[in-house]
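Peer 1: sequence first, then the predicted structure, then my questions.
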Amino acid sequence: MSEFPQLGSASADQTVLGSKAATLSGLSAAGFNVPAGFVVTSEVVGQLGNGLANALEVAAAKIGPGPYAVRSSSAAEDLAGASYAGLYETLLNVERADLEHAVGQCLASAGEHRVAAYETALGAASRGDAASPSMAVLVQQMVQPNAAGVAFTANPLTGDRDETIVTAVAGLGESLVSGEAVGEQWTVRASDTTRNRDGNILTSDQARQVAALARRIHERAGVPQDIEWALDHDGALFLLQARPMTALPLPAVWTAPGEGLWARNFRLGEWLPDPMTPLFEDWLLRRIEAGYLDGMEDDIQVRVPFRYGSVNGWYYNAPPIPSPRIVVPLIVRSRGRLPRFLFNVLLRVSHNPAAAHRAVLHGLELKWRQQLLPDYRELVRRAEQEVDTAPTARLIELVAAIAQHAGIYLWSLAVVGGSAWKMEVALARFWQRHLATPLSDIPEGRLGHQALLRGLTVSTGLTGSGLTGSTATPPESAVYSLDWYHQTLGEAGIRSPETDSTTAGKEALDAQRKAAEAAAREVLLDSPRILTRFDSLLTMAQYYAALREEQSLYLTLGWPVLRRCAKRLGENLAAAGAIEDPQDIHFLHLGEVVNPSADHRELVGSRRATWEMQRRLDAPLIIGEPGRFGADPVASAVDAARTSREVPAGAIVGHPASTGRATGRVRVMSGLEEFDSFLEGEILVARSTAPAWTPLFARAAAVVTDGGTLAAHASLVAREYGIPAVVGTGNATRLLKTGQGVTVDGGAGYVVVTE
C-alpha cells in the first residue's frame with residue numbers, strides 16, 4: 001500500500017480509521033477547515049514493516065512541511081456514550097524524522113492499563129459493535145495557534161441547549177484539555193455574548209466565530225457537540241476535533257416551588273451540599289421539618305410552617321408569607337407570645353442584641369443546655385442499645401424518633417445560634433460608623449470588624465456560661481451532609497490532633513483580637529455612652545458566634561445510629577432480593593422500604609442515575625422573584641460586612657466570611673473520602689462545610705464555599721483559625737480547578753485567579 005487514507009477523501013470508514021479520524025475526514029469533505037492529514041492504520045503498519053518510516057515521510061511531505069500533530073484514533077472513542085478523553089496518546093510538534101516513533105507510541109497506548117480500567121468501568125456496551133476496537137493514528141499538519149480551546153454546544157452544567165460555552169487559552173490548547181489551565185470563558189446565546197472569566201485572549205467577535213463553528217457541527221450531527229479549535233496568527237479558525245458531548249444533563253429549569261425568593265443555603269440547606277437522595281427527601285426530611293414545628297410550638301404555642309421544596313433534587317426553602325388572615329389567629333393562639341418573640345428574634349437582635357438576649361434568647365439557650373441536648377443524648381444512647389437486634393418496625397420507630405428530635409434541636413439552633421449573624425451585622429455597622437476611619441492605619445483596623453471575632457472558640461463567652469471545648473475537635477457524629485447517605489466523621493476515621501503550631505497560632509489570634517478590642521476602646525474612651533454600646537455589642541457578637549458553632553456540633557448527634565438503622569433495613573431488603581446492596585436503600589421511598597417482596601433493583605438504578613446527574617447541576621443559591629415583603633434578607637448584612645466594595649474584574653464574588661488575604665493552590669473537595677489528599681497551605685474549595693470539615697481548617701490557607709452565610713460553619717471556624725474565607729459564591733467549585741493559583745480576600749468577599 002503506497003498511500004495512507006487522506007482526510008477529506010471519499011472513504012471515511014469509522015471501523016478502519018477510528019472515530020476521531022473518520023469524523024474529521026467527513027467534516028473536511030463537507031468544507032470545514034480541518035488541518036491537512038492522513039491516517040495510519042495498525043493493519044498497514046504491519047504490512048509495511050521496515051518501510052514504514054519512508055512511507056510516513058512521503059505522506060507527510062504531501063500535507064505540509066511540519067511539524068506535525070500525531071494523535072490516536074480508536075473506533076471506540078469519541079462516541080456519545082464514551083469519550084475516552086485523554087486516555088490515548090497525543091504528541092505535538094513532531095518532526096518528520098520522528099513520525100515512526102510517534103506513531104508507535106500512539107498505537108501502543110491502546111494497551112495501557114488506564115484504557116482497560118476505563119473500559120471495565122463503562123462495560124463492553126460502551127464500545128458499540130466492536131468487540132475489540134481497532135486503533136489508527138491520525139497525522140496532521142500542526143497548527144501554530146495564537147489561541148486555542150474547546151467549545152460545547154450545550155451548557156455542560158445545566159444542560160441548556162441554547163447556550164454555547166467557549167473556553168480559550170493563549171497558544172496551544174493542551175493546557176486547557178489536560179486541566180492545567182482554566183482559560184477565558186465565554187457564553188454565547190444567539191447574538192448575546194458574555195465573558196464569564198476575564199482575559200484578553202479572544203474578542204467577542206472571535207468567540208461568536210468559534211461558537212458558530214461549533215453550532216454548524218451540532219446541526220450537521222444532530223446532537224450537542226464538544227469541539228477543539230485553534231486560531232492561527234493570521235486569524236484562520238481550524239477545527240481540531242469534534243465529538244458528541246457525554247454525560248450531558250437534561251436541561252434544568254429552576255422554577256421556584258412558590259411565591260417569593262427561595263434559597264438553598266439557609267436553615268437545612270446549609271447542611272445539604274448535594275441534591276437529596278430519595279429516602280432522605282421522602283422520610284428523614286419530613287420528620288426533621290415536623291420536629292422543627294414541634295420545637296416552635298413548644299416555645300411559642302403556634303406552628304408556622306416554613307416553606308420548603310425540592311427543585312431538581314436540591315433543597316430550597318422560603319419564609320412564610322405573612323397576611324392578616326394568617327397572623328391574627330396565630331397571635332391569639334400564642335396568647336400574645338408571638339409578637340414579643342418575633343420582635344426580639346427578628347428585629348431587636350439586630351439593633352439591641354443584649355436586650356434580645358435578656359428577653360428571649362438566654363432562656364432558650366438554657367433550655368437547649370438543660371433539656372434538649374441531654375434528652376437528645378439519652379434518646380441516642382437508648383437507640384444504640386437496640387439497633388443491632390431491633391426488628392424492621394422498631395428500626396422505623398427509632399429513625400422517626402431521632403429525626404423528630406433533631407428537628408426540635410434544629411429549631412433551637414435556628415433561633416439561638418442563628419442570632420449570631422444578626423448580632424454581627426449590628427457590630428459591623430457600629431464599626432463602619434465609629435471605628436473604621438480612626439483605626440484604618442493599624443493592622444488590626446484594616447481587618448475590619450471581624451478582627452474582633454477572630455480566634456474565638458466555644459470556650460470564649462460570657463462569664464459562667466459553661467462553654468467548654470473547641471471547634472477544633474468535632475465529635476465523631478459530625479457529618480459532611482445531613483443526608484444520611486453520606487458517612488460520618490467517625491466512620492471516615494478522620495481525626496484532628498492538636499499540634500504545637502496550632503496552639504501557637506491560636507494564641508497569636510487571641511492576642512490580635514485583644515489588641516483590636518483595646519484599640520477600639522481607646523478610640524471611644526472620650527465617649528462613655530458609645531463605649532458602653534460597643535462593649536455590649538462586642539460581648540453579644542462574640543458569645544453568640546461561639547454558641548452557634550457549639551450548637552452546630554451536636555445537631556447530628558443521632559446520625560451514626562441513624563445510619564446503622566438504614567444499614568440494617570438495607571440488609572433486610574438485600575437478603576430478600578429486593579435490592580442488590582444495602583446502600584441501595586437510599587434510592588427508595590419509605591413505602592418501598594416496608595415492601596421487601598417487590599423487586600426494586602431497576603427502580604434503584606434509575607433513581608441513582610438521576611441523582612448522579614443532579615449532582616452535576618449548577619444549582620443557583622436563590623430562585624424566584626422578590627414578593628411584597630422585600631428581596632434577599634441577608635443582602636444588607638453582607639454589604640455591611642465587606643471591608644471594601646472594590647472588586648477586580650473577573651473575580652468570583654461571595655460573602656465576606658473571615659477577613660484577611662491569602663494566595664495559594666486550589667483543592668476542590670467533594671467529600672470526607674478526599675481529606676487525605678488535602679495539603680498544607682492549599683485553598684479549600686467546597687460546596688459547603690459542616691463540622692466534619694474542621695480538621696482541614698488547621699492546614700488550609702483559606703476557605704471558599706458555594707453555599708453558606710456569615711454565620712455558617714466555614715465562616716466561624718475560619719475566624720477561629722484566622723484564615724480568610726469567602727462563602728455563598730454560588731458555584732466556585734465549578735469555576736475553580738484543583739491546582740489553580742488564586743488569591744482569596746475574605747474581607748471584601750472575592751476570589752481572583754492568579755494563574
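Peer 2: Good, I have the coordinates. Model, not experiment: these values are computed from the prediction.
Peer 1: where in the stretch 101-250 of the chain is pLDDT low?
Peer 2: Low-confidence segments of the stretch 101-250 of the chain (pLDDT under 70): 110-133, 177-182, 191, 197-199.
Peer 1: the helices in it, which residues?
Peer 2: Using DSSP state H, counting those that start in this stretch, the helices of the stretch 101-250 of the chain run over 113-122, 174-177, 204-221.
Peer 1: tally of neighbours for the closest residue to residue 506 other than its chain neighbours?
Peer 2: Leaving aside its sequence neighbours, residue 506 sits nearest to residue 455 (CB to CB, 6 or more residues apart in numbering; 6.0 Å). Where C-beta positions appear, they are placed from N, C-alpha and C, glycine not excepted. By the criterion of other CB atoms under 10 Å, residue 455 has 20 neighbours.
Peer 1: looking at residue 455 now. What's its pLDDT?
Peer 2: Looking at residue 455, its pLDDT reads 79.
Peer 1: gap between it and residue 444?
Peer 2: 12 Å (CB to CB, to the nearest Å).
Peer 1: picking that back up, tell me the phi and psi of the residue nearest to residue 506?
Peer 2: The phi and psi values for residue 455, taken as degrees, to the nearest 10, are phi 80, psi 10.
Peer 1: ok, residue 642 - contacts?
Peer 2: Residues near residue 642 by CB atoms under 8 Å, 6 or more residues apart in numbering: 656, 747-749.
Peer 1: overlap in contacts of residue 455 and residue 444?
Peer 2: Joint contacts of residue 455 and residue 444 (CB under 8 Å, 6+ apart) are residue 512.
Peer 1: if we can go back for a sec, of the contacts of residue 642, closest to residue 618?
Peer 2: For those, the minimum distance to residue 618 (CB to CB) is 19.9 Å, reached by residue 749.
Peer 1: picking up where we left off before, drop anything exposed from the contacts of residue 642.
Peer 2: Buried by 16 or more other CB atoms under 10 Å: 656, 747-749, out of these.
Peer 1: test my guess that residue 477 contacts residue 484.
Peer 2: No - applying CB atoms under 8 Å as the test, residue 477 and residue 484 come out as separate, 11.7 Å apart.
Peer 1: between those two, which one's more packed in?
Peer 2: Per other CB under 10 Å, whichever of residue 477 and residue 484 has more neighbours is residue 484, with 26 against 23.
Peer 1: ok, the more buried one touching residue 561?
Peer 2: No - counting by CB under 8 Å, residue 484 does not reach residue 561; the two are 10.3 Å apart.
Peer 1: hang on, the earlier thing: pull the most distant pair out of the contacts of residue 642.
Peer 2: For these, and using CB to CB, no pair is farther apart than 747 and 749, which are 7.3 Å apart.
Peer 1: now for these two: what residues contact both?
Peer 2: Common neighbours of residue 747 and residue 749 (CB under 8 Å, 6+ apart) are 642, 656.
Peer 1: any idea what the closest residue in space to residue 237 that isn't next to it in sequence is bridged to?
Peer 2: In this structure, residue 237 finds its nearest non-sequential neighbour in residue 231, 5.5 Å apart by CB to CB, 6+ apart. Counting by DSSP bridges, residue 231 forms beta bridges with residue 147, residue 237.
Peer 1: enumerate every residue touching residue 231.
Peer 2: 145-148, 202, 206, 210, 237-238.
Peer 1: of all these, which comes closest to residue 515?
Peer 2: Minimum distance to residue 515 across these is 48.7 Å, recorded for residue 202 (CB to CB).
Peer 1: so residue 357, which state does it fall into?
Peer 2: helix (DSSP: H, G, I helix; E, B strand; the rest coil).
Peer 1: hmm, it is touching residue 539, no?
Peer 2: No - look at residue 357 against residue 539 with CB under 8 Å: they stay out of range, at 9.3 Å.
Peer 1: these two - which one has more neighbours?
Peer 2: Taking other CB under 10 Å, residue 357 and residue 539 do not tie; residue 357 has more neighbours (25 against 17).
Peer 1: excluding chain neighbours, what is closest to the more buried one?
Peer 2: Closest to residue 357 by CB to CB, 6+ apart is residue 540, at 6.1 Å.
Peer 1: with residue 524 instead?
Peer 2: residue 531 (4.1 Å).
Peer 1: same check on residue 210?
Peer 2: Residue 210 sits nearest to residue 166 (CB to CB, 6+ apart), 4.9 Å away.
Peer 1: repeat that for residue 89.
Peer 2: residue 109 (3.8 Å).
Peer 1: run a quick neighbour tally on that neighbour.
Peer 2: Residue 109: 18 neighbours (other CB under 10 Å).
Peer 1: how far away is it from residue 88?
Peer 2: Relative to residue 88, and taking CB to CB, residue 109 is found at 5 Å.
Peer 1: residue 207 too?
Peer 2: For residue 207 relative to residue 88 (CB to CB), the value is 29 Å.
Peer 1: re earlier: and the pLDDT at the residue nearest to residue 524?
Peer 2: In this model, residue 531 carries a pLDDT of 96.
Peer 1: again with residue 683
Peer 2: Confidence for residue 683, expressed as pLDDT, is 94.
Peer 1: what of the one 10 residues further on?
Peer 2: Turning to residue 693, the model gives it a pLDDT of 84.
Peer 1: that one against residue 686, yeah?
Peer 2: Yes - using CB under 8 Å, residue 693 is in contact with residue 686, at 7.0 Å.
Peer 1: number of nearby residues for the nearest residue to residue 13 once chain neighbours are set aside?
Peer 2: Spatial nearest neighbour of residue 13, excluding adjacent residues (CB to CB, 6+ apart): residue 22 at 6.7 Å. Residues near residue 22, counting by other CB under 10 Å, number 24.
Peer 1: between the helix or strand harbouring residue 22 and helix 204-221, how many degrees?
Peer 2: Assigned by DSSP states H and E, residue 22 belongs to helix 19-29. For helix 19-29 against helix 204-221, the angle between stretch directions is 100 degrees (axes from the mean of the first three to the mean of the last three CA atoms, to 10 degrees).
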